[in-house]
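Below are the sequence and a predicted model for it; my questions follow.
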Amino acid sequence: MPSDSITVTVDAGDSGTQPVLGGLNGGTLSGDQLTTLADDPDDLQRELQQLAASAGGPPSGTVISVDGFQDDSPLPPKSSIARVEVNPDLFSSENRQPPFEGGHIQIYTKPGAKNFHGSLFTTNSSQFMNARDPFSDAPAAIGKQRYGFTLNGPVRKEGSNFSFALEHRSIDDFAVVNAITLDSAGNQTSTVANVPLPQRLWIGSGRFDVQLGPKNIAFASYSANVDHLSNVGVGGTTLLESGYDSQTYDHVLRFSDTTTISPNLLHEGRVSVDFRGEIDVPTSTAPQIQVAGAFTGGGANIGNQRIRQIRTEWDDDFIYTKGRHSLKAGLQFFDYVEHQTLTTNFNGTYIFGGGTAPVLNGNTPTAATETISGLEQYRRALLALPGGTPSQYSSVSGNPQVDLTELYSAFFFQDDMKLRSNLTLSLGLRYFVANHPFQADGVSPRAGVSWAPGGSKTLNLNAHLGLFSGHSPNGLAFTQAELLRQDGTNRVTSLVYDPVYGTPATTGSSVVQSIRTLAPNYGSNQTLMAQVGADKTLPFGFSLSSNIIYIRGWRQERTLNVNTPLSGSPTGPRPGAANLDVLQLQSSADAAGDIEFGGIGNQKLKAVQFFVGAVRIHILSDTDDNAFLTPQSSSTNAGEYARETGNSLWQNFANVTAHLPGKVVLSTNYYGNGNSPFNLTTGFDNNGDGNFNDRPQFALPGQAGAVSTPFGTLVATGGTGVLARNIASLPWSFHVDGNIQRVFNITRDPKADHRQTLTANVRSSNLLNHTNVTSEGGVLGSPFFLVPYSADNGRRIEGGLRYNF
């Protein structure tokens, strides 16, 4: 219940005793638990995303928000963080995203303090401390330096204070190119190279808190991220020439006011204005060359891109507590103003996907034909041999400027009713409306119950049922920008089939235009989630947690070419206009599946605190949680219903903190995932729909060109049946981060308000130096078919010092 007065306090002394049990139960990290996480912002974000993934969503889908705001936010400096809430009440009507699309990390920054205090810190990682990356053939000068400071204190003696944090990172990392290219004689050659990825980054934040009266408190904050990266996009099969230089900035102003209207009623108002931008400059402006399953070269097809965004969020909440009821109602309003110069594919792209070509006798064609790979097709193009015509040349022309304003507003209501001392019922309702694409059918009821049988203090049973609607997996503003980018009027996308390499035709019957449109019956997606769980407290401080979740989604987003050629020829007859691909964004996909989670932990043991858990995620869909996914054929859905790309069947995780003799603290964070699916394709466009995502077929007995695989004997064309989408899986990945630290007290007086300390630590990411494969060849007949060719970093080690005063 809100009190009649509010005082400004500092949260830094929280010991962080609430366990992080994972799953939908979440938990809180603060104090000592927070200090065990990585200091480097990239590593810290990865560790938080992995903790949130225990809810059953992919780590990359995690929403990170700050100080009660709902919109995704850049990570503030760790030194400014007071506490982190992991997956807080994911079924609450306050949340718009279903948990299976990603968890939620809510970060609360530190207010100021009544006395001045702060810290100075630095970390260093040098070449001799770091392992060679898995696919590299030579060591690289990998290093990282990070330094900064924090300062907190009063503005005046009572009622107002400030906090400030600033840090700089200088990162010298490398990407490993591992591609198959051709030498000057046209012979296949393995191209392996370390490409430097220098990054320079400033992160800063400031916060001013003021008590405006006995019942009112407010704060204003400012945060900034300014980043400069080089050779972005390079690595794996992408060559150095296809990289680009990127400069990004993010400046956020936030204001919050909390007023105690009465002992039972609290009002919270929050406003955020976020200025974001990006400038991308390609290394080369030459046409891009995509050789299926071998390499990507030429210029970066992102072009000279410029993006400017102004993102505004306004939240207005009322919290009312009376008797058995705890009610919260609020309005959320988001306004995204976008000014984008989208030059994607203005430089053009050649695709060498392979196909049917004459058999060569030396350099002379014969009457026989064979199926050749994209690399062989490219070789023939370079040597002007028969069968060397590229599969397709695509380009965009027109005005690259795309401007839009996206509005999204939602109202929510949540009532947690304590019906009995051991029984709580939660009811919620959410409604939203958006303008582009227009959506106003997003009514989302939510319900939950928590029950301790017989008034048990050691067992809690809980269940939730909720409808989630209206969240575009790609983001509403991004979705609208893509629809505008390929509108066919201001920007014209041309696909040239069988072009002349080096001088592609731009007019004539072989040119097909491509546009994006919105289906007339497009509506908000709908996902129903049902959950049953239990939490059990065991003797000696052990805790068990488990959840079972069922998911059913309909009206999910995907894209279909609704004007596909009827004959399989790109220039053949179509249902509508000739020589026009109409990529229509639809609400025509479905999803269904289940998630099982289990975990055990203990945060009360003196020597060791830990949590270990695992989650199985089995969700099938024909959309891949991607609004712009296109099936291999618009005329049949055969084989499309499959597990989503990159969504591992298994995820497991652990967090262990051990207090060793001599006041040494050892901590580890572990995350593993396995059976992460990826698609197998031929590199061809057999049906002429403009998409090179056709999957292999099962070979007929004795069929020439057949390839034996773990999934059967396959051919690119002329076979039978349809291979299921995402049938292949990456090897298991294991990420183990370790940290060992010791705090030295400099101030002898234990009663001092802020004791001076010196903390020394050594931290490692990928401590086991395990090869965590991120990509494996999926193009049938290509040199890398079912062969891993890229992976996450090898072991990284850094040492750090922090002086607190």
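Ah, there it is. Bear in mind that the values here come from a model prediction, so they are computed numbers and not experimental data.

Just list what the top helix by length along the chain packs against, helices and strands only.
Using DSSP state H to define each element, the chain has its longest helix at helix 41-52. Judged by 3 or more Cβ pairs under 8 Å, 6 or more residues apart in numbering; DSSP states H and E, helix 41-52 is in contact with strand 63-66, strand 81-86, strand 104-109, strand 650-660, strand 664-674, strand 733-745. C-betas here are computed from N, CA, C, even on glycine.

Adding distance to Arg695 and mean pLDDT, write those strands out as JSON lines.
JSON lines is the format used below for the helices and strands packed on helix 41-52 (distance: least, Cβ to Cβ, whole Å; pLDDT from 0 to 100):
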{"stretch": "strand 63-66", "distance to Arg695": "33", "mean pLDDT": "89"}
{"stretch": "strand 81-86", "distance to Arg695": "38", "mean pLDDT": "88"}
{"stretch": "strand 104-109", "distance to Arg695": "35", "mean pLDDT": "89"}
{"stretch": "strand 650-660", "distance to Arg695": "25", "mean pLDDT": "93"}
{"stretch": "strand 664-674", "distance to Arg695": "23", "mean pLDDT": "94"}
{"stretch": "strand 733-745", "distance to Arg695": "25", "mean pLDDT": "94"}
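
possible to save the ones you listed as TSV with mean neighbour count and distance to Leu239?
Shown next, in TSV, are the helices and strands packed on helix 41-52 (neighbours: other Cβ atoms under 10 Å; distance: least, Cβ to Cβ, whole Å):
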stretch	mean neighbour count	distance to Leu239
strand 63-66	20	33
strand 81-86	21	39
strand 104-109	22	36
strand 650-660	19	33
strand 664-674	19	29
strand 733-745	18	25
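
okay if I get those as a markdown table plus distance to Arg324?
Output for the helices and strands packed on helix 41-52, formatted as a markdown table (distance: least, Cβ to Cβ, whole Å):
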| stretch | distance to Arg324 |
| --- | --- |
| strand 63-66 | 30 |
| strand 81-86 | 25 |
| strand 104-109 | 26 |
| strand 650-660 | 36 |
| strand 664-674 | 40 |
| strand 733-745 | 44 |
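
For Leu331, find the nearest of the ones you listed.
Leu331 sits nearest to strand 63-66 of all these, at 16.7 Å, using Cβ to Cβ.

who does that closest one touch, helix- and strand-wise?
Using 3+ Cβ pairs under 8 Å, 6+ apart, strand 63-66 sits against helix 41-52, strand 104-109.

To Asn626, which of these lies closest?
helix 41-52 (18.8 Å).

by contact count, what packs against the lowest-mean-pLDDT helix or strand in the chain?
Across the helices and strands of the chain, mean confidence by mean pLDDT, DSSP states H and E is lowest for helix 31-35: a mean of 78. Packing partners of helix 31-35 (3+ Cβ pairs under 8 Å, 6+ apart): strand 81-86.

any idea how far the least confident helix or strand of the chain is from the chain center?
Relative to the centre of its chain, helix 31-35 is centred 25 Å away, using Cα atoms, centre = their mean, to the nearest Å.

Then stretch 297-312?
18 Å.

ok so, going back, how about the helices and strands packed on helix 41-52, which one is nearest Gly387?
strand 733-745 (39.4 Å).
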